[in-house]
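have a look at this prediction, sequence included:
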Amino acid sequence: MRKMTFLLVAAVATAGVVAFTAPTTGSAEQEAAPVYRIKIFPGYRDWKLISVAHEAGNLNDLRAVLGNDIAVKAYREGKLPFPDGAVIARLSWEYVPSEENNKVFGREQSFVAGPQPEWYLQFMVKDSRKYAASGGWGYAQFDKNGKPANEAKHNTCFPCHVPIKDRDYVFTQYAP
């Protein structure tokens, strides 16, 4: 009986240590994005709003840009470069007219978030040592089912951000 109790206590203690030291960037079963090895951050939808945008052209989407507490503090203080630990999330939806709202207005003027596009979730993670080769930022992109984009798609992230190097590779500005 003592042996069984000891084994049970040891198993619970081991589980506690594993849970405490597990990565906080996603669940164990969730697949990490290639190149930068980032997972979806639990609770990211509860982060604070940094800004919204409408991307026209081929993308034609509405975007909400959210940040963890470290990113939001840096935005509010105008701090560049962003400190390590800052994480920025971008969610997007198709940009569609609201038939219901437009009936009330009598013309097409109201647009709302529609379905999620194929690649609707992106993250930028600041870690100046781990991601030194990409300006201190790691990038991740996920589809609406939580599956990461392939390596080729992730290899386009940093080159796209290079032209905005003067703003620490971050396109979105804070909209208080």
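Cool, the structure landed. Quick caveat, the model's predicted, so the values are computed rather than measured. Residues are numbered from 1 along each chain as shown.

contacts only, for Arg63.
Neighbour list for Arg63: Val52, Ala53, His54, Glu55, Arg90, Leu91, Ser92, Trp93 [criterion: CB atoms under 8 Å, 6 or more residues apart in numbering]. From N, CA and C alone the C-beta is placed, and that goes for glycine too.

for the lengthiest strand in the chain, name the packing helices and strands.
Taking residue count as the measure and DSSP state E as the definition, the longest strand of the chain comes out as strand 87-97. Contact analysis of strand 87-97 by 3 or more CB pairs under 8 Å, 6 or more residues apart in numbering; DSSP states H and E lists strand 48-55, strand 61-67, helix 69-77, strand 111-113, strand 121-126 as its packing neighbours.

if you set the cut-off to 7 Å instead, what comes out?
Here strand 87-97 touches strand 61-67, strand 111-113, strand 121-126, going by 3 or more CB pairs under 7 Å, 6 or more residues apart in numbering; DSSP states H and E.

partner strands of that strand, parallel or antiparallel?
Taking DSSP bridges as the criterion, strand 87-97 pairs within the sheet with strand 61-67 (antiparallel), strand 111-113 (antiparallel), strand 121-126 (antiparallel).

which among the contacts of Arg63 end up buried?
Neighbour counting with 16 or more other CB atoms under 10 Å marks Arg90, Leu91, Ser92, Trp93 as buried within these.

now the residues you listed in a markdown table, with distance to Glu151 and pLDDT?
Output for the buried ones among the contacts of Arg63, formatted as a markdown table (distance: CB to CB, whole Å; pLDDT from 0 to 100):
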| residue | distance to Glu151 | pLDDT |
| --- | --- | --- |
| Arg90 | 20 | 97 |
| Leu91 | 23 | 97 |
| Ser92 | 21 | 96 |
| Trp93 | 26 | 95 |
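
okay if I get those as a markdown table plus distance to Asp166?
As requested, the buried ones among the contacts of Arg63 are arranged in a markdown table below (distance: CB to CB, whole Å):
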| residue | distance to Asp166 |
| --- | --- |
| Arg90 | 20 |
| Leu91 | 26 |
| Ser92 | 25 |
| Trp93 | 30 |
